[in-house]
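Chemist: Have a look at this prediction, sequence included:
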Amino acid sequence: MAQVKGYGNARVTAEIAGACNQWLNSLTPEQKTRATFDFRDGERIFWYYPPMNRHGLPLRDMDANQRQLAYAILDSSLAPDIALKTRQIIEHELVLGPLEVEEGAVSFERNPELYYWTVFGEPGGDGPWGWRAEGHHVSLHINAWGDKVISVTPFFLGANPAEVYKGPKQGLRILDRREDLAFELINSFDARQKARAIIHDKAPWDIPTYNSSKAAVHDNEGIAGSEMTGTQKETLMSLIAEYVNGVRTEVAAEKMAALRQQGLDDFRLVWAGGLDRGRDHYYRIHGGKFIVEFDNQQNSANHIHSVWRDVDNDFGEDVMRDTRMMYSVL
């Protein structure tokens with residue numbers, strides 16, 4: 001097999017594969033049938049983040065041990081704080097559900113057991129393989145091949161409410177840093193810089209790339225890193241790191257090193273909406289093949305959607321093309 005490009009090493013991929021296999025080995029034959037797909041199956045590149053029925057095995061249909069092993073897959077692949085935030089987002093359904101009942105706006109079942117785990121291919125086998133965990137406001141995709149993690153995107157996390165205003169969890173803001181750092185950056189700009197960065201006075205209803213299997217952006221929008229001061233670039237890099245550092249340390253460190261080597265001059269920040277949390281707001285960071293989007297418009301600007309994408313390599317597609325493994329998945 002040709003040398004596969006990616007991140008991490010044999011120990012990293014072995015630990016992730018081991019966690020996947022421990023979970024798979026705990027399942028009954030019927031559960032395993034629901035939980036597994038061939039890596040070439042088109043299901044692998046379908047992703048979405050609202051509450052809806054999905055393929056895979058939901059927490060609802062796992063016993064206590066199986067649930068623990070499912071969460072161990074997250075722990076094997078994500079940074080500890082993001083693994084925790086993922087659990088908080090799942091448990092957040094217990095905040096949102098009563099809130100919607102109180103407001104008379106019930107539209108979906110808000111159930112923390114309706115989060116689905118899926119494995120594609122054979123973890124640790126000769127071919128590419130991966131796992132997905134998905135449900136309302138969570139859509140995580142980790143793919144590996146040989147001794148490399150070949151992709152970690154799309155990487156979506158959201159929160160509704162973005163801030164809990166009352167009750168036992170009052171003040172909780174699960175995704176606070178990716179909001180606060182962005183406001184720190186946009187509000188450090190002078191009038192000329194803001195005029196370059198802000199493309200609209202209202203935020204879009206949702207992230208404009210939605211759940212597309214391949215993301216695309218307008219490269220000429222927004223303000224370039226080359227137009228920012230050194231301090232502003234540091235804040236921009238910290239904001240980028242808030243997304244990249246969501247994956248386990250070995251993988252994130254390599255990705256961040258590559259981004260620092262690339263530099264931020266050709267990265268762009270696009271902003272829409274207000275300049276504080278009291279108003280709807282949206283931002284996008286893009287440079288090369290890297291994209292981040294954040295939107296807080298719905299529910300009176302108290303409902304976050306955020307995602308990290310790779311233009312060419314979401315789901316590991318670019319790596320597979322480079323190694324001439326032409327799977328018909330697109």
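Modeler: Here it is on my side, so go on.
Chemist: only C-alpha atoms for contact and neighbour calcs from this point on.
Modeler: Noted.
Chemist: and this structure, what are its domains?
Modeler: The record's domain parsing of the chain by automatic domain parsing lists 10-153, 176-312.
Chemist: now those in CSV, with distance to Glu163?
Modeler: Below are the domains of the chain laid out as CSV (distance: least, CA to CA, whole Å):
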stretch, distance to Glu163
domain 10-153, 11
domain 176-312, 6
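Chemist: Of all these, which one comes closest to Met320?
Modeler: Nearest of those to Met320, taken as CA to CA: domain 10-153 at 8.5 Å.
Chemist: Select, out of the domains of the chain, the one closest to Ala159.
Modeler: domain 176-312 (5.1 Å).
Chemist: how long is that closest one from one end to the other?
Modeler: 29 Å (CA to CA, to the nearest Å).
Chemist: Ok, stretch 291-303 next?
Modeler: 20 Å.
Chemist: next one: it to chain centre, how far?
Modeler: 14 Å (CA atoms, centre = their mean, to the nearest Å).
Chemist: and if you look at stretch 315-323?
Modeler: Taking mean C-alpha positions (CA atoms, centre = their mean), stretch 315-323 and its chain are 19 Å apart.
Chemist: Can you point out the buried residues in that stretch?
Modeler: Across stretch 315-323, burial judged by 16 or more other CA atoms under 10 Å covers 315-320.
Chemist: what about the nearest residue to Arg60 once chain neighbours are set aside, which SS state?
Modeler: Nearest in space to Arg60, with sequence neighbours left out and distances taken as CA to CA, 6 or more residues apart in numbering, is Glu113 at 4.6 Å. Using DSSP: H, G, I helix; E, B strand; the rest coil, the structure places Glu113 in coil.
Chemist: Surely Ala301 and Leu275 touch.
Modeler: No: the pair Ala301 / Leu275 is not scored as a contact, 12.0 Å apart, by CA atoms under 8 Å.
Chemist: Buried residues, stretch 218-226. List them.
Modeler: Under 16+ other CA under 10 Å, the buried positions of stretch 218-226 are 221-225.
Chemist: By pLDDT, give me the weakest of these.
Modeler: pLDDT across the buried residues of stretch 218-226 is lowest for Glu221, at 94.
Chemist: That one sits in which helix or strand?
Modeler: For Glu221, there is no helix or strand it lies in under DSSP states H and E.
Chemist: Likewise for Glu250?
Modeler: Secondary structure assignment for Glu250, by DSSP H and E: helix 249-262.
Chemist: Could you do Ile142 as well?
Modeler: strand 138-145.
Chemist: Adjacent strands (with direction) for that strand?
Modeler: strand 129-135 (antiparallel), strand 148-151 (antiparallel), strand 155-159 (antiparallel) (DSSP bridges).
Chemist: what's in contact with stretch 29-47?
Modeler: Stretch 29-47 has contacts (CA atoms under 8 Å, 6 or more residues apart in numbering) with 24, 55-57, 117-121, 128-130, 134, 139, 211, 213, 315, 327-330.
Chemist: buried stuff in that stretch?
Modeler: 31-32, 34-37, 39-40, 43-45, 47.
Chemist: now swap in stretch 53-66 and tell me
Modeler: Applying 16+ other CA under 10 Å to stretch 53-66 flags 54, 56-59, 62, 66 as buried.
Chemist: That's all I had, so thanks and see you.
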